[in-house]
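> Sequence and computational prediction follow.
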Protein chains: 2
Amino acid sequence: MAEPPSKNVITIRDVAGLAGVSQMTVSKVMRNVGNISATTRNKVLNAARELGYVPNSLAQSLSSRRSRLVAVIIPSMADVVFSEVLSGVNSVLKTQGLQTFIGESHFEPETEMELMRTMLSFQPAGLLLNGGMVRNPEGGELLRKRACPAIQLWDCEENDLDFAAGPSHEEAGRMVAERFLAQGVSRIAYIGTELEKDLCAKRRYLALRARLAEEGITLVTRNSESMPRQAVSGRVLAEQLLAEHPDIQAIHFLNDAMALGGLSYLHEVGVQVPEGVSVIGFNGTSIANTVRTRLTTVDVPRTAIGEIAARALLDLVGRKASPSFWRAPLSLVEGNTTPAIR
Amino acid sequence: MAEPPSKNVITIRDVAGLAGVSQMTVSKVMRNVGNISATTRNKVLNAARELGYVPNSLAQSLSSRRSRLVAVIIPSMADVVFSEVLSGVNSVLKTQGLQTFIGESHFEPETEMELMRTMLSFQPAGLLLNGGMVRNPEGGELLRKRACPAIQLWDCEENDLDFAAGPSHEEAGRMVAERFLAQGVSRIAYIGTELEKDLCAKRRYLALRARLAEEGITLVTRNSESMPRQAVSGRVLAEQLLAEHPDIQAIHFLNDAMALGGLSYLHEVGVQVPEGVSVIGFNGTSIANTVRTRLTTVDVPRTAIGEIAARALLDLVGRKASPSFWRAPLSLVEGNTTPAIR
DNA sequence: GCATGAATTGTTATCGATACCATTCAATTA
DNA sequence: TAATTGAATGGTATCGATAACAATTCATGC
C-alpha cells in the first residue's frame, strides 16, 4: 500500500473551526441536508472555499454506509468491445455522481476471484461483471454474500444476478449460420482465439456449429488459446486453415479485427471475396468499413448495453428486485464480404 | 448516493469473537504484520474463512491513511489510444495490489475539474492525468494542494507534475512534415477534429504547420470541433477538403481511424494513393493494416506509456521526487499510402 | 526458583465523517 | 399567557479498521 500522505489535509473540523460552527453543521451544509440558515450556510461555504476543503469520501462512506463506487470487471480494457461497453456504463453512472472503478480479468478465473474480493472490499454500491464468474463456485459464494446489487454484462443467456444486459450469443451464432445457409455454402469454418476462456464467444461458436449440424454440415474450427484477438491472429489462423482445407467457402471470425486480418491474407493469395470465400465478422465495430471492404458482421449495440446495465443498477440500488434482463438487439450488417443471397 | 446495504456484513469484530482473540490480533493476522503464533494465526484464519470475512478497505484506508486507489483521468475510454494506455497502467498497478479507478473527461475542462475533485476525495495513492488540467488555474490549485504524487499522461512537452510519460507531440508533427517534404510534395493538408479541446493533437498540428511554413508551404486545414474521431469523420472531412482543394497532394490525419475513412473516400472517387494523394495517420493502431492498405503512420507505444507511468508512480508513492519524464519513442511506419522517397 | 528480555496479545485513541437525538429559540396557536 | 410547533444548531456514539503503546506470557540462563 502507498505511504501516508505527508501534507496535513483539511478536514471538516478545520472548516468548522474557521466558520465558528460545529462539525455537524458543516457536514449538513456540505451535503445540503437539514435546515441551515442562509447566514450559517454562507459562513461555512466561505470557510470551506478558503481552506480548499474537499470531503473525504472514504470517511463519508464508512460513516454513512453508502458508497459512490461502482465496481466493473471486464476481460480487457484494450478490447474495443469492452471499452465501449464501459464507456456506456460510465456515461450513465456519472450523471448520478457514481464513480466507476475497473478490474481486468483477462478471462482468468483466479484473477476474477481476486478482483471480486478486492472490489467488494471497497463496499461498492454495485457490481457489474461478466457471467463467467457466477458459475465459479467460490465466486458464486462471494456473490451470494454480496451486500450490493450485481449485474451481468455482455452475457444474457442465463441470469443468476439482479439484472443482465447483453446480446444472446446463441442467437448471434445462429444468425451467422442462417446467413451462410441462405447463400448455399456448405464448407464452412470458424476462426477464433481463447474459446475455452471466453464463454460468450464459445456460446456463439457452439450455436453456429449446432445449427449447421442440423443441416448435416460439419463446421471446421481453427482456434488458438494463446493468440491475441487481433487482425494478425486472424491472418495467421486463416492461412493455417486454408492450408488444411483449401476448399473452404465461408469463414466466420470471432471478431471484426480478426476477420480483417483473415481478409488481408485471402486478398494476398488471390482468393476472391465473396466469390471464392465469404467472410462474416462479429461486433459491428467501426473498423468493419475499411477502404475497399465493407465487412459483413453482426452488429452489437455495445454502448447501449453499458448504458442499460448502468441504468438498471441505478434502479436496483437500495432495492430488492427480482432477476430481470435486457437482451440486446442484434442485426446482421450486409457488407461486400458475403455474396448476395440467391 | 446509494442506499446502505441491508445485509449485516462480517467485520473484524465478528472474526475476533469467533476466534476468541482481540480485534487487534485479527487485524495483524490479516495484514501479516507483527508476531503472531502459528496457533493463533490458524484460529483467526479459520474463523475468517468460516465467516467469509472480507476486510473493509474504506476503513483500512481511513485508519491507516494509506490508500490502494489510483485515480486516472483520460479523455475517453472508447478511444483505443487511451484504453491501451490504461491497460498498460493497470497491468503494472495490479501487481502491487493497487486499484485503478477511472474518470472520463471528454476533453471538457469543467468535467475534468469535477472529476479531479471527486477523485481526490477518495484520497488516492496517486493521480494520473492529461496535462491539460494542470494549466487550468482552478485545477492547478487543486493539484498544488494534492497529498499524493501526480503524473502527466500522454503529454510530455512540459511537465509541472512529478513525472510525465508520453511522446513529444511536436516531434510527431515534425516527423510527418519531414516525411512529406522528403517526398517532394508541397500542397499538404491536415484533417482533424476537436483540435481546440485536444491540446496534444493541436500541438502535433502546430508543429507540422510550423515546419512546413519554414519551407514556405501553407498547410491547408480541415478541422471539426463536433465530429467524432472516427473513420466516418475522416471520410466526410476528406470530401469537404477535396471539394475546396482538388489539387491536394498529401494529407495527415489526426488518427489512423480517420485516415482510413479518408482513404475510403479517396478510393471511391478514384484518387490513386499514394500516386495522387499520399496519406499519413497517427498512432500505429492495429487497424492501420487493413486488407489492401498498409497505412503510413506514426507509431506510438501506447501500452508502454501506461506501464512506464505506472511504474513511475510506484516509485514516487511515499517519496518526494524531483520532476522527471519519459519521452516515448516515435517511429514512422512506412505503409503503402505514401510513395517511396526519391 | 527467579530475574530477564523476547515473543505474543490486548487496550485505548483515532482516522474523518454521519446517524440520531437533544437543545435552543422564535413564531404560532389555543 | 402558556403551550405547541418547527427551524436551526450542536453533542455523542459509531462506522471498521489501524497506530502506538501497554500488558501479558513464555522460554531461558544463572
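Sure thing, it's come through. Everything quoted here is computed from the prediction, not taken from an experiment.

> Just the buried residues of the helix or strand encompassing A:R327, please?
If you go by DSSP states H and E, A:R327 is part of strand A:324-328. Neighbour counts over strand A:324-328 (16 or more other C-beta atoms under 10 Å in any protein chain shown) mark A:325-326, A:328 as buried. Yep, even glycine has a C-beta here, placed from its N, CA and C like the rest.

> Would you map the strands across the stretch 51-200 of chain A?
A:69-74, A:99-104, A:126-130, A:150-153, A:163-167, A:188-193 (DSSP state E, counting those that start in this stretch).

> for the last one, packing partners?
If you count contacts as 3 or more C-beta pairs under 8 Å, 6 or more residues apart in numbering or on different chains; DSSP states H and E, strand A:188-193 packs onto helix A:199-214, strand A:220-224, helix A:231-244, strand A:250-253, helix A:256-268.

> circling back to that earlier point, now tabulate the strands of the stretch 51-200 of chain A in CSV and tack on distance to DNA strand C, mean pLDDT and mean neighbour count.
Below are the strands of the stretch 51-200 of chain A laid out as CSV (distance: least, C-beta to the nearest atom of the strand, whole Å; pLDDT from 0 to 100; neighbours: other C-beta atoms under 10 Å in any protein chain shown):
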stretch, distance to DNA strand C, mean pLDDT, mean neighbour count
strand A:69-74, 15, 93, 26
strand A:99-104, 16, 89, 23
strand A:126-130, 18, 91, 26
strand A:150-153, 23, 92, 26
strand A:163-167, 26, 92, 27
strand A:188-193, 47, 97, 25
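
> Turn those into JSON lines, including distance to B:S105.
Formatted as JSON lines, the strands of the stretch 51-200 of chain A follow (distance: least, C-beta to C-beta, whole Å):
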{"stretch": "strand A:69-74", "distance to B:S105": "18"}
{"stretch": "strand A:99-104", "distance to B:S105": "13"}
{"stretch": "strand A:126-130", "distance to B:S105": "21"}
{"stretch": "strand A:150-153", "distance to B:S105": "23"}
{"stretch": "strand A:163-167", "distance to B:S105": "25"}
{"stretch": "strand A:188-193", "distance to B:S105": "33"}
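
> Quick one, which of the ones you listed gets closest to DNA strand D.
For these, the distance to DNA strand D is smallest for strand A:69-74, at 15.1 Å, taking C-beta to the nearest atom of the strand.

> so what strands line up beside that closest one?
Partners of strand A:69-74 in the sheet, by DSSP bridges, are strand A:99-104 (parallel), strand A:126-130 (parallel).

> okay if I get those strands as a markdown table plus distance to DNA strand D?
Formatted as a markdown table, those follow (distance: least, C-beta to the nearest atom of the strand, whole Å):
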| stretch | distance to DNA strand D |
| --- | --- |
| strand A:99-104 | 19 |
| strand A:126-130 | 18 |
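
> Can I get those in JSON lines including distance to A:F180?
Formatted as JSON lines, the strands paired with strand A:69-74 follow (distance: least, C-beta to C-beta, whole Å):
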{"stretch": "strand A:99-104", "distance to A:F180": "34"}
{"stretch": "strand A:126-130", "distance to A:F180": "28"}
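
> what's the closest of the ones you listed to A:R229?
Closest of the strands paired with strand A:69-74 to A:R229 is strand A:99-104, at 14.1 Å (criterion: C-beta to C-beta).

> Can you show me the helices along the stretch 51-200 of chain A?
A:57-64, A:80-93, A:109-120, A:132-135, A:137-145, A:169-183, A:199-214 (DSSP state H, counting those that start in this stretch).

> between those, which gets nearest to DNA strand C?
Closest among the helices of the stretch 51-200 of chain A, using C-beta to the nearest atom of the strand: helix A:57-64, at 3.2 Å.

> other SSEs contacting the closest one?
Using 3+ C-beta pairs under 8 Å, 6+ apart as the test, helix A:57-64 ends up in contact with helix B:57-64.

> State the mean pLDDT of the helix it packs on.
What helix B:57-64 shows for mean pLDDT is 94.

> And stretch A:312-330, by the same measure?
75.

> Span of it from start to end?
Stretch A:312-330 has an end-to-end distance of 20 Å (C-alpha to C-alpha, to the nearest Å).

> And stretch A:144-152, by the same measure?
14 Å.

> Any stretches of the stretch 101-250 of chain A with poor pLDDT?
A:131-135 (pLDDT under 70).

> Can you pull the residues of it lying near DNA strand D?
By C-beta under 7 Å from any atom of the strand, no residue of the stretch 101-250 of chain A approaches DNA strand D.

> Quick check: the residue of the stretch 101-250 of chain A nearest DNA strand C.
A:Q123 (12.4 Å).

> Run a quick neighbour tally on the nearest residue to that residue once chain neighbours are set aside.
Nearest residue to A:Q123, sequence neighbours excluded (C-beta to C-beta, 6 or more residues apart in numbering or on different chains): A:S67, at 5.0 Å. For A:S67, the neighbour count with other C-beta atoms under 10 Å in any protein chain shown is 28.

> How about the contacts made by A:L332?
A:175-176, A:179, A:280, A:296-299 (C-beta atoms under 8 Å, 6 or more residues apart in numbering or on different chains).

> mind listing what the host helix or strand of it pairs with, with the direction of each?
Using DSSP H and E, A:L332 sits within strand A:331-333. Using DSSP bridges, strand A:331-333 pairs in its sheet with strand A:296-299 (antiparallel).

> before we move on, back to that, from the chain's centre, how far out does the strand holding A:R327 sit?
14 Å (C-alpha atoms, centre = their mean, to the nearest Å).

> same question, stretch A:272-285
With C-alpha atoms, centre = their mean, you get 25 Å for stretch A:272-285.

> now do stretch A:51-71
Worked out by C-alpha atoms, centre = their mean, stretch A:51-71 lies 27 Å from the chain centre.

> List the buried residues in it.
Quick answer for stretch A:51-71 (16+ other C-beta under 10 Å): A:51, A:53-62, A:66-71.

> For A:L237, which residues are in contact?
A:191, A:193, A:222, A:224, A:227, A:258, A:262.

> Surely the second one touches A:S224?
Yes: with contact defined as C-beta atoms under 8 Å, A:T193 reaches A:S224; the gap is 4.9 Å.
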